[in-house]
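Colleague: Predicted coordinates and the sequence they were generated for:
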Amino acid sequence: MSVTRTFTVTVVSTDSGNKYVIDGVQQETVNLVETGTYRFNQSDSSNGNHPLRFSTTSNGTWSGGSEYTTGVTTFGTPGQSGAYTQIVVASGAPTLYYYCTNHSGMGGQANTVAINTWGMWAWGTDSWGDQGP
């Protein structure tokens, strides 16, 4: 299974606590297309002690939600080389939120969009009119 997109995750300290930075944007809202495979690379040392997980509740277990595990795998220890959280987005997946299992208020939103949403796949994927992998 090939990875559709890899996001680089770092952590910054702010006046209101630590925050995830996704591809250089603090608490970025990301778009994940159904059936796509997304890797959240947590190799940067700033990720130490900040495991990224998903929930259907904003701020995850910190707001009374539970961890969303459908299609989710993890590898390694955040902050060490090769560490990541990966998700294969299920068809019909709800809006998700990424969060830290150890600290409240670090995460953001992950919109899940239909496979045929224009602009979500690389140009030339499959054929005109079908944006799926």
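Modeller: Received, thanks. Because the structure is a prediction, the values reported are computed rather than measured.
Colleague: Quick check: Asp4 vs Asn18, distance?
Modeller: Not Asp; residue 4 is Thr. Counting by CB to CB, to the nearest Å, the gap from Thr4 to Asn18 is 27 Å. Where you see a C-beta, it was placed from the backbone N, CA and C, and this is true even at glycine.
Colleague: ditto for Asn49
Modeller: Counting by CB to CB - Asn49 and Asn18 are separated by 9 Å.
Colleague: And for Tyr38?
Modeller: Applying CB to CB, the value for Tyr38 to Asn18 is 22 Å.
Colleague: Show me which residues of the lowest-mean-pLDDT helix or strand in the chain are buried.
Modeller: The weakest-scoring helix or strand in the chain, judged by mean pLDDT, DSSP states H and E, is strand 30-33 (a mean of 93). Under the neighbour-count criterion of 16 or more other CB atoms under 10 Å, strand 30-33 has Val30, Asn31, Leu32, Val33 buried.
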